[in-house]
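1. Below is the structure, and that's it, no one-letter string:
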């Protein structure tokens, strides 16, 4: 194992907190990606927080946690880091990142392991979108609505719009709908914060990940 070289950046973080975020986001990482870079997590260290992003062809999801870091940095970390963390007990981790050759060394009590990172530039960037409407709900209501209807969403490659969950608001009400063409799941709930008519469709996979969060 190579020694820690001069210029290497150090991140200190809780093992359990890091593992929990990685496991949540791993559900969006595709098993057969069209772009190999999405087999990695994007680590962004900014102002004492570690922002972790996973992506596929349908979108990106980002989670964050507190960390101790010397400076800001962005790097892609292979998903195989999960295998190295799963069997470790809770403890502080020191992650050493060499920005020159992208080597990543994770040290813990009694041992260490290494993975090779990648430049973050090829990772899918967040798209700039114009906000036209807003759906105001709670995490509990959102989770409950998706849970009620997601099993009715199809898994049909020829009709991708059927592989989705529709979320719609009308004054005083929020509505969740999914259909596979043979059956339909519909869940309505009173929501006084919904004052306008608005709708959005999200894929079954993304909905499933969001429900898991």
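-> It's in. Model, not experiment: these values are computed from the prediction.

2. which stretches of the protein form strands?
-> Counting by DSSP state E, residue ranges of the strands within the chain are 9-14, 40-46, 49-56, 59-66, 68-69, 73-78, 92-97, 103-108, 111-116, 164-170, 173-179, 184-190, 198-203.

3. And for the residue nearest to residue 11 when sequence neighbours are not counted, the neighbour number?
-> Counting by C-beta to C-beta, 6 or more residues apart in numbering, residue 95 is the residue found nearest to residue 11 once chain neighbours are left out, at 4.3 Å. (C-beta placed from N, C-alpha, C; glycine too.) Per other C-beta atoms under 10 Å, the neighbour tally for residue 95 reads 23.

4. Please determine how far residue 95 is located from residue 43.
-> With the distance defined as C-beta to C-beta, to the nearest Å, residue 95 ends up 9 Å from residue 43.

5. again with residue 27
-> Counting by C-beta to C-beta, the gap between residue 27 and residue 43 amounts to 18 Å.

6. Over to residue 130?
-> Shown here: residue 130 relative to residue 43, a distance of 29 Å by C-beta to C-beta.

7. Same check on residue 135?
-> Using C-beta to C-beta, one obtains 30 Å as the distance from residue 135 to residue 43.

8. who has more neighbours, the two?
-> Neighbour totals were compared for residue 135 and residue 43, and residue 43 leads with 22 against 16 (other C-beta under 10 Å).

9. Enumerate every residue touching the more buried one.
-> Listed by C-beta atoms under 8 Å, 6 or more residues apart in numbering, the contact set of residue 43 reads 50, 51, 52, 73, 74, 75, 76, 77.
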